[in-house]
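K.L.:
Pasted the sequence and its predicted model underneath.
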Amino acid sequence: MLKLFFTRKWWWTTLLVLAAIGVMARLGFWQIERHTQRAEFNARVKTQLNSAPIVLTPDLLATDLTKMEYRMVSVTGTYDHSQQIALRNQVWRENNLGVNLLTPLVISGTRQAVLVNRGWIPQDKSAPENWKEFDEPGIVTVIGNLRISQVKPDFGGVPDPDGALKSWNLVNLTRIAQQMLMPILPVYVQQIPEPARLVAGSPIGAQTQMPFRVKPELDLSEGSHLGYAGQWFLFALVLAVGYPYFIRKQEEKSGG
C-alpha cells in the first residue's frame, strides 16, 4: 500500500495530502501555544489585579513598571495640559464616538511625568481648542491601572503617521515621548472613575462629569484555543486515515 502512494498516478496527490496533514497538525500545535500564552497572560494579569495598590513615588520610578501592567496605582502631581494629546476613535456606551484625553502628569517631587488616560469626551469636543474646558488644574491624585505602550495596531487597525501629532491611534509611548517637553515613563495610567463622579446607585457608566473614566475591560477566560486545536488534529487524522481508504477504493474500481 505504501508503494502505491508514490506511483506515477498518485505521487503528486500524496505529497499534497502529506503537506495538508502537516499544516493541520502545525495549526493544532499553534493553537495549543496560543492557549499557553493566554493562560500565562491571565495568570500575570490576575496577579497584578490582586496585588496591593502601589504609590508611584520618586523612589519607585527606577523600578521596571512595564512588568506591572494592570496593577492599581496612585500618583500625585500636576497636569501639563499644554502637552495633552488625544486617543482617537474611542467609543463610549451606546456607540457614542469620541476621543480619550491623555495628559502628562508631572509627578510631585520629580521632573518626570506619567501619561494619564483621563477618559472620554464626545466627538464634537474632540478638537484641541475644546480641550481646555476639561482641564484639571492644581495638584491632583490619580488612581488607576498601569498600562504598557502599544507599538503596533490590533488586527485591522491603522498605524500613526510620522511626526508630532495631537491625536493618535495608538498609545505608543516611545513615539509620544519624542514630542513631550519632559521625560515620561514607559507606562501610562488608565484612570478609573472616582466615587464623586459616579451617579449614586447607578452603574459605573453613569458619571456626572467629563472626561468619563472607565476601568480596563479584560477577558480572562481561556478562550477557544484548545477546541480549535482539537479540530485541527481531528481534520489531520481524518485525512491521514481517509486518504489510504480513498486510494484503495479507487484502485479497486479501476481493477488495480
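P.N.:
Looks like it came in fine. Numbers count the residues shown, from 1 in each chain.

K.L.:
Can you tell me how far V171 is from A206?
P.N.:
26 Å (CB to CB, to the nearest Å). The C-beta positions use only the backbone N, C-alpha and C, and glycine is treated the same way.

K.L.:
quick one: which of these two has more around it?
P.N.:
V171 (21 against 14; other CB atoms under 10 Å).

K.L.:
now the more buried one: how far from L146?
P.N.:
V171 sits 12 Å away from L146, going by CB to CB.

K.L.:
Need the overlap of contacts for the two.
P.N.:
Taking CB atoms under 8 Å, 6 or more residues apart in numbering as the contact criterion, the common neighbours of V171 and L146 are Y188.

K.L.:
all strands for this structure, in order.
P.N.:
Ranges of strands in the chain, per DSSP state E, are 54-55, 72-79, 85-92, 96-107, 113-122, 139-148, 167-168, 184-191.

K.L.:
Name the strands paired with the fourth one and say parallel or antiparallel.
P.N.:
To tie it back to what came earlier, the one meant is strand 96-107. Strand 96-107 has its sheet partners listed here by DSSP bridges as strand 72-79 (antiparallel), strand 85-92 (antiparallel), strand 113-122 (antiparallel).

K.L.:
and among these, the most buried is which?
P.N.:
strand 113-122 (a mean of 23; mean count of other CB atoms under 10 Å).

K.L.:
what are the bridge partners for the closest residue in space to N96 that isn't next to it in sequence, then?
P.N.:
Spatial nearest neighbour of N96, chain neighbours left out: P122 (6.4 Å); criterion: CB to CB, 6 or more residues apart in numbering. When bridges are called by DSSP bridges, P122 pairs up with G98.

K.L.:
Run through the residues that contact P122.
P.N.:
P122 sits next to W92, N96, L97, G98, M210 when contact means CB under 8 Å, 6+ apart.

K.L.:
what's the answer for V91, then?
P.N.:
L97, G98.

K.L.:
And it, how far from L181?
P.N.:
Distance, V91 to L181, by CB to CB: 31 Å.
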